[in-house]
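> Curious how this folds, go ahead:
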Amino acid sequence: AGRDPAAARLPGGVEAVRADLADPGTLGPALDGVRRVFLYAERQGLGGFTERARAAGVEHIVLLSAAGADAASADPIARLHGEAEEAVARSGIAWTFLRPGGFATNALQWAATIRADGTVRDPFPESWTAPIHEADIAAVALRALTEPGHAGTAPVLTGPELLTRRRQAERIGEAIGRRVTVERQDLDEHRRDLARWGPPEVAEALIRHAAAAVGARPPVTGDVERITGRPARTFAAWARDHAADFR
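Next up, the predicted model:
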């Protein structure tokens with residue numbers, strides 16, 4: 001634990017403390033005086049964190065989970081987030097579970113090839129999703145952390161529209177003023193690209209999800225608007241916000 005050099009880049013009045021969720025011994029300074037926590041589902045578990053949080057007097061945890069979270073699931077992604085939810089619920093601390101579907105930021109995996117030659121390589125270009133802007137997740141988290149009435153809830157967060165991956169690529173092209181084409185990628189090559197996301201079982205789960213969404217459209221919810229009071233941002237807006245990443 002200790003002061004984070006990145007603190008110099010933060011707004012005035014914001015204190016940064018370095019800590020490791022997988023090492024409870026580093027959490028003391030991070031939890032000192034803290035009453036509300038925004039928390040990510042740590043792959044190595046959250047038992048140590050929740051124990052320290054309870055001892056420090058934390059009153060509310062807002063957990064970034066995932067749609068379909070289920071500790072009993074055979075799917076490793078659903079299971080990871082379900083186990084995280086169970087750990088927080090067992091702590092006795094008030095909780096809110098945010099369950100986003102597909103992140104719009106997943107499209108950043110295409111940035112290198114779009115910059116290089118204006119292409120997206122993906123084995124499932126007709127896979128449907130309702131991608132959510134990360135700013136909308138943050139806006140919901142802020143409401144949950146600072147307003148009453150959100151404890152014990154698990155909103156499912158999506159963008160406002162269903163899009164195929166092909167259409168997402170087109171929207172990125174519109175944002176950068178350049179035609180973006182889609183090429184169907186070899187599945188083994190795609191597996192190698194997914195290695196950055198975690199072990200092979202996670203890559204296989206991502207492939208299964210994408211393949212299943214070719215023929216079935218996931219639901220679109222209104223929970224972002226219900227909680228924040230304004231519509232969720234579109235993928236086109238996300239593409240404009242991130243245009244520099246693709247140029």
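
> domains for the protein, by residue range?
Dividing the chain into domains by the TED database, as the record does, gives the ranges 1-100, 102-132+159-219+231-246.

> Which among those domains is found nearest to Ala151?
domain 1-100 (4.2 Å; C-beta to C-beta). Glycine gets a C-beta too; all of them are placed from N, C-alpha and C.

> So Gly101 is in contact with Ala130, correct?
Yes - the pair Gly101 and Ala130 qualifies as a contact (C-beta atoms under 8 Å) at a distance of 5.9 Å.

> where's the residue positioned nearest the centre of the chain relative to Thr158, distance?
Residue closest to the mean C-alpha point of the chain, counted by C-alpha atoms, centre = their mean, is Phe103 at 5.7 Å. Using C-beta to C-beta, to the nearest Å, Phe103 is found at 10 Å from Thr158.

> repeat for Asp136
In this view, Asp136 and Thr158 are 9 Å apart by C-beta to C-beta.

> what residues are shared contacts of these two?
When C-beta atoms under 8 Å, 6 or more residues apart in numbering defines a contact, the residues bordering Asp136 and Thr158 alike are Val224, Ala232.

> show me where the protein has helices.
Assigned helices in the chain, in chain order: 28-31, 47-56, 76-90, 111-117, 134-146, 165-176, 187-193, 200-215, 223-228, 235-241, 243-246 (criterion: DSSP state H).

> pLDDT of the third one, averaged?
Taken as a whole, helix 76-90 carries a mean pLDDT of 93.

> Distance from the chain centre to it, please.
15 Å (C-alpha atoms, centre = their mean, to the nearest Å).

> List the contacts of that helix.
When contacts are taken as C-beta under 8 Å, 6+ apart, the neighbours of helix 76-90 outside the stretch itself are 39, 41-43, 45-47, 50, 61, 63, 65-66, 68-73, 95, 97, 99, 154, 201-202, 205-206, 209.

> try 7 Å this time
41, 43, 45-47, 50, 61, 63, 65-66, 68-71, 73, 95, 97, 201-202, 205 (C-beta atoms under 7 Å, 6 or more residues apart in numbering).

> Out of the domains of the chain, which gets nearest to Leu142?
When these are compared by C-beta to C-beta, domain 1-100 sits nearest Leu142, at 8.8 Å.

> what's the closest of the helices of the chain to Ala22?
Proximity of these to Ala22 was assessed by C-beta to C-beta; the nearest stretch is helix 47-56, lying at 7.9 Å.

> The closest one packs against which elements?
When contacts are defined as 3 or more C-beta pairs under 7 Å, 6 or more residues apart in numbering; DSSP states H and E, helix 47-56 packs onto helix 28-31, helix 76-90.

> Can you mark which positions in that helix are buried?
Using 16 or more other C-beta atoms under 10 Å as the test for burial, helix 47-56 gives Gly48, Phe49, Thr50, Arg52, Ala53, Ala56.

> closest to Leu21 among those?
For these, the minimum distance to Leu21 (C-beta to C-beta) is 5.4 Å, reached by Phe49.

> what sits against the residue nearest to the centre of the chain?
With the criterion set at C-beta under 7 Å, 6+ apart, Phe103 makes contact with Pro131, Ile132, Glu134.

> again, 10 Å this time
In this structure, Phe103 makes contact with Ala66, Thr129, Pro131, Ile132, His133, Glu134, Ile137, Leu157, Gly159, Trp238, judged by C-beta atoms under 10 Å, 6 or more residues apart in numbering.
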